[in-house]
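turn this into a structure:
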Amino acid sequence: MSFDVQKTRAEFPILSRQINGKPLVYLDSAASAQKPNCVLDAMVKFSRNSYANVHRGLHTLSNEATEAYEAARERVAKFIGATANEVVFTKGATEALNLLAHSLGNGLENGDEILISELEHHANIVPWHMLCERTGAKLVWARIEDDGALDMAHFKSLLNPRTKIVSMAHISNVLGTRLPIKEIASLAHEFGAKVIIDGSQGVVHENVNVALLDVDFYVFSSHKLYGPTGIGVLFGKCDLLAEMPPFLGGGEMIEIVTKDSVTFNDAPFRFEAGTPPIIEAVGLKAAIDWLDSFDHGQIKAHEDALLDLATNELQKRNRVRILGTTKDKAPILAFSIHGIHPHDISQILDKYGVAIRAGHHCAQPLMQRLGVTASARASFGIYNTADEVEFFIEAIDKAIEFLT
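Residues are numbered from 1 along each chain as shown. A predicted model of the protein is given here:
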């Protein structure tokens, strides 16, 4: 059975909206994906019937809430090839990376090195800058090729015994570049470095198995995975989580508190201080259940076809520059139009109901590497259609005509 995009679209109520009198064409899923009815319904049903705080209560509602929350942890673990005690819930990938910079980086010393790439989102840059300021460690940058691929020869040349952490994106949020994560992890481990992967885009467009990739940590956000905002995931290998000190203090993450001392709970609970995102965990589980009901190969083929169509059409426009041209890209298309600011492109497209992203995409070092201050970006999801791509191209032509 082939993938039925129209049937899928019917599950997303927001896609029936009109913007400025035009049907909404939502091409900003890399920033945040829309939510299907099953996710919205699961959260509402839980809120109405079973909501209470988790773990600490003995009454029926608390037991039901705890069961739902821990079922979400189990489901996430299965989704990425981990075990439940390796899954920490955070409020997003950004918090997960900050947690690692604080807790994993606690033992870094002056002269130690943290290796990242020019492709990274600010969430995988700023926490490491802050860690370097605290510890005297050095942030080292792996270059990218002109087509947006990671320069593997340069990456290998940077690895040395001082390399303590390698933190890279699975897929670039700007260029759609897929990085060879298994190879990166293998090379880094030869020098004893810990490997962290920002999977915010990767978990959406890849079948992720953290055990097969042999990464030490993998983080992602729910809201890019057709789930709710306010919840993210930190996978960490059991032995590493057990060694790491907590990031935040408060309830749930403790074992015993006295006037004189504190002992901490086991992982993953020691990293989940306070009331967790319970309703959001229910929504994330529903999103994963929903996404796994599809053939992932069919989804990839559908999204790849949309990317190819949009890329081929934009390449026919002489003034358009495609940013990132690696083979087997994820369905993310960054571009610039000579003489026109990306913000102006986005605003004109919005008048036709087309939602794209414009700016530096929280990746200013990458913009500098590409020689631009900003770009426009269209990103495609499970619900987009070829007709929407054609409408997007028509809107681009109208924007060029209006702005020149």
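
for Lys45, give me phi and psi.
Torsion angles at Lys45 (phi, psi; degrees, to the nearest 10) stand at phi -60, psi -50.

strands along the stretch 201-350 of the chain, start to end?
217-221, 232-236, 254-257, 262-264, 320-323, 332-337 (DSSP state E, counting those that start in this stretch).

ok now the third one, how far from the chain's centre?
Centre-to-centre, strand 254-257 and its host chain are 33 Å apart (C-alpha atoms, centre = their mean, to the nearest Å).

just the fourth one next, same as before
In terms of C-alpha atoms, centre = their mean, the gap separating the centre of strand 262-264 from the centre of its chain is 32 Å.

which neighbouring elements make contact with that strand?
The contact analysis (3 or more C-beta pairs under 8 Å, 6 or more residues apart in numbering; DSSP states H and E) places strand 262-264 against strand 254-257. Every residue, glycine included, has its C-beta placed from N, CA and C.

and the strand it packs on, what's buried?
Buried residues in strand 254-257, counting neighbours by 16 or more other C-beta atoms under 10 Å, are found at Ile254.

got a list of contacts for it?
For strand 254-257, the surrounding residues in contact (C-beta atoms under 8 Å, 6 or more residues apart in numbering) are Val262, Thr263, Phe264, Asn265.

repeat that for 6 Å
Val262, Thr263, Asn265 (C-beta atoms under 6 Å, 6 or more residues apart in numbering).

list only buried entries from those residues.
Asn265.

ok, so of the contacts of strand 254-257, who is nearest Arg369?
Of all the contacts of strand 254-257, Arg369 sits closest to Asn265, with 42.7 Å by C-beta to C-beta.

where does Lys182 sit, in terms of helix or strand?
helix 181-189 (DSSP states H and E).

got the angle between that helix and strand 217-221?
140 degrees (axes from the mean of the first three to the mean of the last three C-alpha atoms, to 10 degrees).

now do helix 181-189: distance to the chain's middle.
Counting by C-alpha atoms, centre = their mean, helix 181-189 is centred 20 Å from the centre of its parent chain.

one more: stretch 193-205?
That offset, for stretch 193-205, works out to 8 Å (C-alpha atoms, centre = their mean).

next: stretch 257-268.
Between the centre of stretch 257-268 and the centre of its chain there are 32 Å (C-alpha atoms, centre = their mean).

may I have the helix or strand bottoming out on mean pLDDT in the chain as CSV, with CA atoms only?
Ranked by mean pLDDT, DSSP states H and E, the weakest helix or strand in the chain is strand 254-257, scoring a mean of 91. The C-alpha trace of strand 254-257 is given here as CSV (Å, rounded to 0.1, in the frame of the first residue of the first chain):
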residue,chain,number,x,y,z
ILE,A,254,16.8,12.9,45.9
GLU,A,255,17.1,9.8,48.0
ILE,A,256,17.5,11.3,51.5
VAL,A,257,17.7,14.9,52.6
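
can you list the domain ranges for the chain.
Here the domain parsing of the chain from automatic domain parsing is 5-30+295-403, 40-291.

quick one on the thing from earlier: could the strands of the stretch 201-350 of the chain go into a markdown table alongside distance to Ile396?
Shown next, in a markdown table, are the strands of the stretch 201-350 of the chain (distance: least, C-beta to C-beta, whole Å):
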| stretch | distance to Ile396 |
| --- | --- |
| strand 217-221 | 29 |
| strand 232-236 | 33 |
| strand 254-257 | 55 |
| strand 262-264 | 54 |
| strand 320-323 | 8 |
| strand 332-337 | 8 |
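
pLDDT score for Asn173?
We have a pLDDT of 98 for Asn173.

ok, back up a step: go through the contacts of strand 254-257 and name the one nearest Glu206.
The nearest member of the contacts of strand 254-257 to Glu206, counting by C-beta to C-beta, is Asn265 at 32.0 Å.

check contacts around the closest one.
Counting by C-beta under 6 Å, 6+ apart, Asn265 touches Met253, Glu255.

next: the one 4 residues further on.
Listed by C-beta under 6 Å, 6+ apart, the contact set of Phe269 reads Glu252.

against which helices or strands is the helix or strand where Ser157 lies packed?
Per DSSP H and E, Ser157 falls inside helix 152-158. Packed against helix 152-158 by the contact rule (3 or more C-beta pairs under 6 Å, 6 or more residues apart in numbering; DSSP states H and E) you find strand 138-142.

ok, 8 Å please
Using 3+ C-beta pairs under 8 Å, 6+ apart: helix 152-158 touches strand 113-117, strand 138-142, helix 181-189.

who touches the last one?
For helix 181-189, the surrounding residues in contact (C-beta under 8 Å, 6+ apart) are 115, 150, 152, 155-156, 159, 163, 166, 168, 170, 194-195, 197, 202, 212-216.

that helix to strand 138-142, inter-axis angle?
140 degrees.

can you tell which of the helices and strands packed on helix 152-158 is closest to Asp304?
Here helix 181-189 is closest among the helices and strands packed on helix 152-158 (C-beta to C-beta), at 19.5 Å.

avg pLDDT for the closest one?
Averaged across helix 181-189, pLDDT comes to 98.
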